[in-house]
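Asker: output the structure for:
(chains A and B)
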Amino acid sequence: MALLQIAEPGQSAAPHQHRIAVGIDLGTTHSLVAATRSGSIDVLPDAAGRVLLPSVVRYGPQGVVAVGEEALEAAASDAKNTIVSVKRLMGRGVQDIAAHSTPYDIVQDGAHAMVSLNTSAGPRSPVEVSADILRALHLRAREAFGLGAADDLAGAVITVPAYFDDAQRQATKDAARLAGLEVLRLINEPTAAALAYGLDSGAEGLYAVFDLGGGTFDLSVLRLSRGVFEVVATGGDTALGGDDFDHALAQHWLGSWGLGHDFSGLSSSERRRLLRLARQQKERLTELQALEVIHADWVRDNGSAHVASISREAFDRMTAALIQRTLAVSERVLDDAGIQPSALMGVVLVGGSTRMPGLRLAVEKAFGQAPITGLDPDRVVAIGAALQANLLAGNRAEGEDWLLLDVLPLSLGLETMGGLAEKIIPRNTPIPVARAQEFTTFKDGQTAMSIHVVQGERELVAECRSLAQFELRGIPPLSAGAARIRVSFQVDADGLLSVTAKEQSTGVEASVTVKPSYGLTDAQIADMLQAGFSSAEQDMQARALREAQVDAQRMLEAVASAVAQDGDLLSAHERAEIDQVMDQLRTTCGGTDREELLARTKRLAGLTDDFAARRMDRAVQRALAGQTIDGVLDNAAR
Amino acid sequence: MITASGDAAPTAARDHFSLFGLPVRFALDAEALERAWRAVQAAVHPDRFVAGTDAQRLLALQYSTRINEAHQTLRDPLRRAAYLCELNGVEIEAERNTAMPEEFLLQQMEWRESLEDCAAAGDVRGLSQLGQEVDSAMAETVLLLEHLLDRGQPDFDRAAAEVRRMMFLVKFGEQVHQEQKRIERGTAANR
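Answerer: Purely as a prediction, here's the structure:
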């Protein structure tokens, strides 16, 4: 692979090694990891050559944690301790999942409304279960690249459904942290798919990505032009996926056997076996003619058997309502984008569930064109994520560059009087985005204020998703209405929200206590990470020193590269001072004094802050000056 | 502190228009705005600084946010006009300036009645006609705004009044559209 010596702000100008970065598709039914190996993108297999890792975790006896096929084997016999489709529980509260009957022993997690599952290994949050899946993929990647204990991956790009809300995204990022992965970026599954298809190299224009996975559905409209992937609108249903088609089929069988229309009369292992059978038969139907009927046995715990029969034609009929739901969402998204289906250059199908012939036909009819299906729908998202990971890690090959511009999938709002939600940032606003809102006190001498942030399109707070409660404290005691508190909301490039607040008349920063409604606090995560290090005190210190050295090294490389490119933005005096501090830092890097290392890294950072801003301004100027019709990205890289 | 020569004012100090190298006026080359937005985002987006220092990453977030804000403001004629007024010291303050000319209020009432009638009767054609009337009223306002803001001596006070009126039009247009969608969906479900 011809590696470019990248001369771009923020990236090292020094010739460097290929940095290993992976793309991970953390799916409802299975997960994958992909990476660039010897110049080409590969989905990484396990030792047995399998690339799909079932997203199943079993907390077995004696604290043995099994992930993947092995856990899946036990899903029917040990349903309570074997967690499947955990993605559906991410960032969710108890009341959200009550509707979806699950075999787990669900407990409410203390002060939070977050779900926790009682397993033989003790309570496990969905974040921890997802972390176990990510850990298995992390390990797979480390083995594939033969990384030693001291080597780290440069990081990972992890995909999430476009329609994931803030709580679900935060939960995913937390899971990655627990699994020891540095998250380079969370990107949306449809965007990753568009990238994998290389849609940017084809005809310019609008494309739709129709993504039906195991447990989630979303449709995104993207505008592609000269290397820029711009999401125009997105929408979906995070509780609609292939699993629901399995449910529909299983319920049909139960009805036909006179066993009722839900699973209440079944043991959890009977239920698992039935759903597994439904999934297998559904997949078999894909290869068959419409009227061909297939049969299989479902055996109950007491040994009695029922014959499960189905044809594609019957299956299509009983799942028509589910397909209709995907089309209704699609229509709304096209409406948000302000376009008709005929304006689309293509419709890309992503997700294993889009293999269903009935679904493909329905999509073709609704969009008035045959969908694009060239790549394996199970792998396409992981491949796109790996491409992005490679780009973000700075391993770009010559002539290869693109930019992903995404949007906020669901409106962000605040609770106002009467339980109403007031929208602060509407959905489909390009990210990153920030908005500020002013609040005032309604009582004399009021020093605290509670703010409730919600996400969703409904007018009532109760019908939106609660993201966080903020307690503003330290407001100066003034007469009612005199204090002006400016609350700023920032959504970053991962689609994650942060909030800051400041009292305007006195300039006092009000402290913000974040209580995520359905997530882990930073302290909880730190505790979990701590518990994970079984190593001795000495190892911890060694690790801390190594981290400080890596940070210092990164800082030195970044500044050296910046000075090499834009040294003319510095006065001779500034330049000399920076050179001197860099020399000192280099010397310290070889030693073992962590405190000194941290202090000097900080000093260099402080010294170059303003320089960094000047360089940004220059980058903006250059982008504009060099902007020609086809030069958008060429310029940015110059 | 030495400011570099040759470079324009820092991004933070510039208005939305000059941020994209566009003239400060209401009439806009939409294509040029889109091109400039993508070009500048490509230079400052956080994805470009993943390996950078904390300061660089924070700057990238701030710049990228600022550029999106400017883009969102300029691409929408209503927000663009409001921004121009505010740049010139005339606040829109829609909440405090609710007084409207009688003629406009009468027109509003007439439209509202018409919307209710059409919605109740499921009159798709009536709604679509109403939608067109609102659209052409908005197009007229945009022309008027261009006249008030770009020709000769700009009249920001009058422009601000037009902006407030157009806010009503936009809101009403959305309601008409929602009704249309509601009836369409109802028809589809009954089919």
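Asker: got the domain ranges for the chain?
Answerer: I went with chain A, as the question did not name one. Chain A breaks down by automatic domain parsing into domains covering A:21-197+A:379-399, A:205-240+A:321-367, A:242-320, A:412-527, A:533-625.
Asker: I was thinking of chain B, sorry if that wasn't clear
Answerer: For chain B, automatic domain parsing gives the domain ranges B:13-75, B:102-190.
Asker: which stretch among the ones you listed is buried most, on average?
Answerer: Mean neighbours per residue, mean count of other CB atoms under 10 Å in any protein chain shown, is largest over the domains of chain B for domain B:13-75, with a mean of 20. C-beta coordinates here come from the backbone N, C-alpha and C atoms, glycine included.
Asker: low-confidence ranges in the chain?
Answerer: The chain I'm using is chain A. Low-confidence segments of chain A (pLDDT under 70): A:1-18, A:95-103, A:108-114, A:150, A:199-203, A:397-399, A:510-520, A:525, A:528-540, A:627-638.
Asker: the intended chain is chain B.
Answerer: Filtered on pLDDT under 70, chain B yields the residue ranges B:1-12, B:187-191.
Asker: quick revisit: who wins for proximity to chain A among the domains of chain B?
Answerer: Nearest to chain A among the domains of chain B is domain B:13-75; the distance by CB to the nearest CB comes to 3.3 Å.
Asker: quick one: contacts for residue A:508?
Answerer: Remark: with contacts taken as CB atoms under 8 Å, 6 or more residues apart in numbering or on different chains, residue A:508 is in contact with A:474, A:475, A:476, A:502.
Asker: which of the residues you listed ranks first by neighbour count?
Answerer: Neighbour counts for the contacts of residue A:508, by other CB atoms under 10 Å in any protein chain shown, peak at residue A:475, which reaches 23 neighbours.
Asker: nearest to residue B:74, out of the domains of chain A?
Answerer: domain A:412-527 (12.8 Å; CB to CB).
Asker: the lengthiest helix in chain A near chain B at all?
Answerer: Ranked by residue count, the top helix of chain A under DSSP state H comes out as helix A:594-625. Yes. Residues of helix A:594-625 are located near chain B by CB under 8 Å from any CB of the partner chain, namely A:605, A:608-610, A:612-614, A:616-624.
Asker: Provide the count of other residues in contact range of residue B:90.
Answerer: Neighbours of residue B:90 (other CB under 10 Å): 19.
Asker: that one is in contact with residue B:155, isn't it?
Answerer: No. Between residue B:90 and residue B:155 there is no contact under CB atoms under 8 Å: 9.6 Å.
Asker: quick one: the strands in the stretch 101-250 of chain A?
Answerer: Listed in chain order, the strands of the stretch 101-250 of chain A (DSSP state E, counting those that start in this stretch) span A:105-108, A:115-119, A:122-124, A:155-160, A:183-188, A:205-212, A:217-225, A:228-237.
Asker: tell me which of these sits most buried.
Answerer: Of the strands of the stretch 101-250 of chain A, strand A:155-160 is the most buried (mean count of other CB under 10 Å), at a mean of 28.
Asker: what angle sits between it and strand A:217-225?
Answerer: Here strand A:155-160 points in a direction 120 degrees away from that of strand A:217-225 (axes from the mean of the first three to the mean of the last three CA atoms, to 10 degrees).
Asker: my read: residue A:448 touches residue A:471, true?
Answerer: Yes. Counting by CB under 8 Å, residue A:471 is a contact partner of residue A:448 at 6.5 Å.
Asker: partners of the closest residue in space to residue A:191 that isn't next to it in sequence in the sheet?
Answerer: Spatial nearest neighbour of residue A:191, chain neighbours left out: residue A:404 (5.5 Å); criterion: CB to CB, 6 or more residues apart in numbering or on different chains. Beta-bridge pairing for residue A:404 (DSSP bridges): residue A:229.
Asker: ok, now the one 10 residues further on?
Answerer: Using DSSP bridges, the beta-bridge partners of residue A:414 come out as residue A:422, residue A:453.
Asker: go ahead and confirm it touches residue A:451.
Answerer: Yes. With contact defined as CB under 8 Å, residue A:414 reaches residue A:451; the gap is 6.3 Å.
Asker: go through the strands of the stretch 101-250 of chain A and name the closest to residue A:332.
Answerer: Taking CB to CB, strand A:228-237 is the member of the strands of the stretch 101-250 of chain A nearest to residue A:332, at 5.7 Å.
Asker: assess the claim that the residue nearest to residue A:191 and residue A:387 are in contact.
Answerer: No. Residue A:404 is beyond contact range of residue A:387, at 10.4 Å (criterion: CB under 8 Å).
Asker: what residues do these two have in common as contacts?
Answerer: residue A:195.
Asker: residues contacting residue B:59?
Answerer: Here residue B:59 is in contact with A:612, A:613, A:616, B:49 (criterion: CB under 8 Å, 6+ apart).
Asker: can you give me phi and psi for it?
Answerer: Note on residue B:59: backbone dihedrals following degrees, to the nearest 10 are phi -60, psi -40.
Asker: what's the closest non-adjacent residue to residue A:267?
Answerer: Spatially, and ignoring its direct neighbours in sequence, residue A:267 is nearest to residue A:301 (5.5 Å; CB to CB, 6+ apart).
Asker: tell me how far stretch B:137-148 lies from the chain's centre.
Answerer: Put simply, stretch B:137-148 sits 13 Å off its chain's centre (CA atoms, centre = their mean, to the nearest Å).
Asker: could you tell me the end-to-end distance of stretch A:49-63?
Answerer: Taking CA to CA, to the nearest Å as the measure, stretch A:49-63 stretches 27 Å from start to finish.
Asker: and stretch A:315-325, by the same measure?
Answerer: Note: stretch A:315-325 ends 16 Å apart using CA to CA.
Asker: do it and chain B meet?
Answerer: No. Stretch A:315-325 stays clear of chain B (CB under 8 Å from any CB), getting no nearer than 9.1 Å.
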